[in-house]
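Participant: how does the following fold in three dimensions:
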Amino acid sequence: MTERAATRPAPTPPRHDTEPAVTGSARPRSLLFPRADDPLRDGLRDEPEFFHDLNLGPVVEAITAGRGEYDLEPFFRARLGDLDAIAYRQEAMRDMEDRTLRLSVASFAERMRTMRERLAVAGKSRYELEKRRWHLAAAEAYTEAVERLVHDLTEIDLSSRALRGFRDDLSACARSVSFRTLADEARSVVAALEAIRYCMLIHGDRVTVLPYDGENDYSAAVEETFRKFRQGAVKDYRRQFKDASGMNHVDAEVAYRVALLNPDTFGALARFCGRHADFVDPAIASFDREVQFYAATLEFADRLRETGLPFCIPEISDRRKDVFARGTFDVALATKRVREGATVVTNDFFLQGDERILVVTGPNQGGKTTLARTFGQTHYLASLGCPVPGTQARLFLYDRLFTHFEREEDITNLRGKLEDDLVRIRGILGHATPESVVIINEIFSSTTLEDALFLGREVLARLVGLDLLCVFVTFLDELSALGEKTVSMVAAVDARDPARRTFKVERQPADGLAYALAIAEKHRVTYRDLTERIRT
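Facilitator: Numbers count the residues shown, from 1 in each chain. Okay, here's the model as predicted:
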């Protein structure tokens, strides 16, 4: 049971039909896309077909880990189609390398997260006064986030179009009448609420709420009484209350009576919530999400850099096909091996002049597929405007990326393995253009050597005719030298122990017989060794 200590009318619930605060432009400036009408800004995108072959799924998962609230995956599934859009992101990436800026963005993100948490609590609350107070607290966190970020960005030298443009928009927002009204009213209402003092008389199961009239603060009196028993530092047993809703029905009744005793203050709270029901500027909300694309990518790169693995901002061309990357590696494999505490071997690749196709041969488990994936990963990450693995890189802006990796037979399509290889490669050759990138990994392994060699030469001839960029991994050395457009790369082995893989893939003529002879010599199974052992 509770006792009403006042008979004034209950505070009027907030109206939500008044004009909201800042709503910003219908299409805010994007931190990721230089054009406001870029279609890649809208909608969810499916994972590209080549993601599985290039092992890009785990890469995106590792980059976006811990940032599920921002839904960043769609940004990593949509390549950019022109050099200016890529340059727009690369400029921002360079700005975001600044540690001071990253710390400011992290502080902003934390305040915005606090705002969202408070709004979520307000949405779940059953009590109107509690709902309003959490809404006010969310607005307070939001205005602090904006004002702090304005101050920080003013102090930082920015070069990118994306961040300089956002700083201008943010400064204009912070100076606007609507935002200043929001911030000033929030501070005023918070100060008025914090200034409220009241008393509670508790007698049995009855609680009476009264205005404060100079009564003693018994908590202070108790603390003073026991101060003389204090003996040095002691463990703090006080419990910290979480920033979440915890009001029960008794709290709600007390709050209701406090509101009756302070109608002006609680009326101001109700009016604030009504006027600022939707206070978040869309441009600021967009920045809060999109800036995490840069932060997540660079934090991921930093984690690998700390282990000695380099990343760089690549040069991109939509004309020159003389591509290269130095000290590069398979990002997915590197992430896994670093997590296991293992070392990662880096490699180089380059094409110059009329060279277009890297034909990779060598022993199994020697790094051939890894190099093929690396070639694809670097080109894809570059098309997103991201740093790529390596100390230096120049890459090509392709129109489409195709992959053909070995798959298990699919009984649902009623095709054998060879037929499936042929159907898939025909689809690639039918859609590829001179601006495409094609990565083929050991096809036609299910047929005879003679047929595989014939089919491999036919496919390579078509690829050469298209003048596109390609990595062609094969077990057939004969395919490694089919003209000036093909370059042989070989997965190397230890010269002293041919059975030991080095995982280095080097430009050199293919010579699988040399590996076979070296291994035979190691195990003494050459023709000479065998005939000698038979005689003895």
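
Participant: just give me the longest helix of this protein.
Facilitator: In the chain, with assignment by DSSP state H, the single longest helix is helix 128-155.

Participant: now do that one: distance to the chain's middle.
Facilitator: The chain centroid and the centroid of helix 128-155 are separated by 25 Å under CA atoms, centre = their mean, to the nearest Å.

Participant: grab the nearest non-local neighbour of residue 437.
Facilitator: Distances taken as CB to CB, 6 or more residues apart in numbering put residue 398 closest to residue 437, at 4.4 Å, once the chain neighbours are dropped. Heads up, the C-betas are built off the backbone N, CA and C, glycines and all.

Participant: any chance you could map the helices in the stretch 1-150 of the chain?
Facilitator: Using DSSP state H, counting those that start in this stretch, the helices of the stretch 1-150 of the chain run over 51-54, 56-64, 83-96, 99-124, 128-155.

Participant: mean confidence score for the second one?
Facilitator: For helix 56-64, mean pLDDT rounds to 97.

Participant: with the last one instead?
Facilitator: Averaging the model's pLDDT scores along helix 128-155 yields 97.

Participant: what's the answer for stretch 260-280, then?
Facilitator: For stretch 260-280, the mean per-residue pLDDT is 96.

Participant: if we can go back for a sec, of the helices of the stretch 1-150 of the chain, which is nearest residue 309?
Facilitator: Proximity to residue 309 (CB to CB) singles out helix 56-64 among the helices of the stretch 1-150 of the chain, at 13.2 Å.

Participant: chain center to that closest one: distance?
Facilitator: Distance, centroid of helix 56-64 to centroid of chain: 8 Å (CA atoms, centre = their mean).

Participant: quick one, longest strand in this protein?
Facilitator: If you go by DSSP state E, the chain has its longest strand at strand 497-507.

Participant: how about it: buried residues?
Facilitator: 498, 501, 503, 504, 505 (16 or more other CB atoms under 10 Å).

Participant: could you list the low-pLDDT ranges of the stretch 101-250 of the chain?
Facilitator: Within the stretch 101-250 of the chain, the stretches with pLDDT under 70 are 231-234, 237-245.

Participant: how distant is stretch 420-436 from the center of its chain?
Facilitator: 31 Å.

Participant: list the buried residues of it.
Facilitator: By 16+ other CB under 10 Å, the buried positions in stretch 420-436 come out as 420, 421, 422, 424, 425, 428, 429, 432, 435, 436.

Participant: and it, what's its mean pLDDT?
Facilitator: Regarding stretch 420-436, the rounded mean pLDDT is 95.

Participant: other residues contacting it?
Facilitator: With contacts defined as CB atoms under 8 Å, 6 or more residues apart in numbering, stretch 420-436 is touched by 318, 396-402, 404, 407, 409-410, 413, 415, 438, 440, 443-444, 446, 455, 459, 462-463, 466-469.

Participant: ditto for stretch 337-353
Facilitator: 303-304, 307, 309-310, 321-329, 333-334, 358, 367, 371, 374-375, 389-390, 469, 484, 487, 489, 502-505.

Participant: wait, isn't residue 355 in contact with residue 487?
Facilitator: Yes: judged on CB atoms under 8 Å, residue 355 makes contact with residue 487 at a distance of 5.1 Å.

Participant: what about the helices in the stretch 351-500 of the chain?
Facilitator: Under the criterion DSSP H, counting those that start in this stretch, the stretch 351-500 of the chain contains helices at 368-383, 417-431, 449-466.

Participant: can I get the shortest one as CSV, trimmed to CA atoms?
Facilitator: This points to helix 417-431. Extracted C-alpha coordinates of helix 417-431, given in CSV (Å, rounded to 0.1, in the frame of the first residue of the first chain):
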residue,chain,number,x,y,z
LYS,A,417,33.4,-34.4,-62.8
LEU,A,418,34.9,-33.8,-66.3
GLU,A,419,31.6,-32.6,-67.7
ASP,A,420,31.1,-30.3,-64.8
ASP,A,421,34.5,-28.8,-65.3
LEU,A,422,33.8,-28.2,-69.0
VAL,A,423,30.4,-26.7,-68.3
ARG,A,424,31.8,-24.3,-65.7
ILE,A,425,34.8,-23.2,-67.7
ARG,A,426,32.5,-22.6,-70.8
GLY,A,427,30.4,-20.3,-68.6
ILE,A,428,33.5,-18.4,-67.6
LEU,A,429,34.9,-18.1,-71.1
GLY,A,430,31.4,-17.0,-72.4
HIS,A,431,31.2,-14.1,-69.9
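
Participant: that helix to helix 449-466, inter-axis angle?
Facilitator: With axes from the mean of the first three to the mean of the last three CA atoms, to 10 degrees defining the directions, helix 417-431 sits at 10 degrees from helix 449-466.

Participant: how close does residue 487 sit to residue 380?
Facilitator: Distance from residue 487 to residue 380, counting by CB to CB, to the nearest Å: 21 Å.

Participant: neighbour count winner among these two?
Facilitator: residue 380 (23 against 19; other CB atoms under 10 Å).

Participant: residues touching that one, list them.
Facilitator: 50, 54, 56, 79, 401.

Participant: residue 123 versus that one, what's the distance?
Facilitator: 39 Å.

Participant: over to residue 388?
Facilitator: Distance of residue 388 to residue 123, computed by CB to CB: 42 Å.

Participant: what's the helix or strand for residue 247?
Facilitator: Secondary structure assignment for residue 247, by DSSP states H and E: no helix or strand.

Participant: contact partners for the spatially closest residue to it that is not a sequence neighbour?
Facilitator: Leaving aside its sequence neighbours, residue 247 sits nearest to residue 130 (CB to CB, 6+ apart; 4.6 Å). Residues near residue 130 by CB under 8 Å, 6+ apart: 122, 245, 247, 251, 252, 255.

Participant: what about residue 228, neighbour count?
Facilitator: Residue 228 is flanked by 6 other residues according to other CB under 10 Å.

Participant: in a strand, it, correct?
Facilitator: No: read with DSSP: H, G, I helix; E, B strand; the rest coil, residue 228 is helix and lies in no strand.

Participant: ok, the buried residues of strand 497-507 vs residue 193, which is closest?
Facilitator: Distance to residue 193, by CB to CB, is smallest for residue 503 among those, at 64.9 Å.

Participant: re earlier: farthest-apart pair in the buried residues of stretch 420-436, please.
Facilitator: 420 and 435 (26.9 Å).

Participant: can you give me the angle the longest helix of the chain makes with helix 99-124?
Facilitator: Going by the same axes, to 10 degrees, helix 128-155 makes 170 degrees with helix 99-124.
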